[in-house]
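Participant: This is a predicted model, with the sequence first.
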Amino acid sequence: MRSTLTRTSSVNTNMRLILPLILSVTISSATRALAFHRPCFISCVPSTSQHTSSWSSAALGRRRTPNHLPRLFLSSNGSEPQPTLTNIGKTDMAQIIADAENGTGDANYIVLDVRNADEIMMGTGVMSEIVKVFPLPEIASMGAFNMNAEAFEAQFNFPKPNVEDTLVFTCKAGLRSQQAAQLAAVAGYTTIINYEGGADDWFGGDLFYT
């Protein structure tokens, strides 16, 4: 009987020593496996500008763009042009809308409001008639940027943007528009602008959302 208890105690002691080693090896293996499957996101750089930048004919050929705003890049190992995301404030957004309304400037701006349609209708409305309603849930669930042109226009009631267009995203406060911008970058759009203040900034915030 005493011999049996001794063997049992020895087994328990060995298990206490072995189990942490097994767990350590398992966690280490899982960590190495995850290292080979990291997702690719647009990296976020905090904005340091006060959103009062001037506009100029820039290094992008004939395309006009804010000339010293923070830029975010999608990591890539290929030779294709990397998408850029430019964060802007109200002054620059007003200039973009004016250019889009009047057909001025060199960039072909497509301004997209990614709030829900009922949120827009029951709240502020859109910033301008040229702004397209393009709800984020539908972008994500339907894979909107990967739809063919005919299906896209039938669903959203405006032509699908070309990859050469400059996409300008806005929402309520800049969060959903940032997410939509990432989806556009993954789909191959290369020149993307995010209005950080969104409708709260443009229309006055609490006035419409209380």
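Facilitator: Looks like it arrived, so ask away.
Participant: what sits against the spatially closest residue to residue 202 that is not a sequence neighbour?
Facilitator: Nearest non-adjacent residue to residue 202, counting by Cβ to Cβ, 6 or more residues apart in numbering: residue 127, 5.6 Å away. Bear in mind the C-beta positions are built from the backbone N, C-alpha and C, glycine included. With contacts defined as Cβ atoms under 8 Å, 6 or more residues apart in numbering, residue 127 is in contact with 93, 97, 111, 113, 170, 199, 202.
Participant: So which of these is the closest to residue 178?
Facilitator: Nearest to residue 178, judged by Cβ to Cβ, of these is residue 170 at 10.6 Å.
Participant: which residues does the closest one contact?
Facilitator: By Cβ under 8 Å, 6+ apart, the neighbours of residue 170 are 93, 111-114, 127, 131, 177, 194-195, 198-199, 202.
Participant: what do you get for residue 90?
Facilitator: 51, 195, 197, 201, 202.
Participant: Skipping its backbone neighbours, what lies nearest the fourth one in space?
Facilitator: Setting aside the residues directly before and after it, residue 201 is nearest to residue 90 in space (Cβ to Cβ, 6+ apart), at 5.4 Å.
Participant: By mean pLDDT, which helix or strand of the protein comes out lowest?
Facilitator: strand 55-57 (a mean of 34; mean pLDDT, DSSP states H and E).
Participant: ranking the contacts of residue 90 by neighbours, who comes first?
Facilitator: residue 195 (27 neighbours; other Cβ atoms under 10 Å).
Participant: who's the closest residue to that residue other than its chain neighbours bridged to?
Facilitator: Nearest residue to residue 195, sequence neighbours excluded (Cβ to Cβ, 6+ apart): residue 170, at 4.2 Å. With DSSP bridges as the criterion, residue 170 is bridged to residue 113.
Participant: Could I get the CA-only coordinates of stretch 155-166 as PDB?
Facilitator: Once non-C-alpha atoms are left out, stretch 155-166 reads as follows in PDB (Å, rounded to 0.1, in the frame of the first residue of the first chain):
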ATOM      1  CA  GLN A 155     -28.100  48.900 -55.400                       C
ATOM      2  CA  PHE A 156     -26.800  52.400 -54.500                       C
ATOM      3  CA  ASN A 157     -28.400  54.600 -57.200                       C
ATOM      4  CA  PHE A 158     -25.100  56.200 -58.400                       C
ATOM      5  CA  PRO A 159     -22.300  55.000 -60.700                       C
ATOM      6  CA  LYS A 160     -19.500  52.900 -59.100                       C
ATOM      7  CA  PRO A 161     -16.400  55.100 -58.600                       C
ATOM      8  CA  ASN A 162     -13.400  54.300 -60.800                       C
ATOM      9  CA  VAL A 163     -10.200  53.400 -59.100                       C
ATOM     10  CA  GLU A 164      -8.700  56.600 -60.400                       C
ATOM     11  CA  ASP A 165     -11.300  58.800 -58.600                       C
ATOM     12  CA  THR A 166     -10.500  60.500 -55.300                       C
END
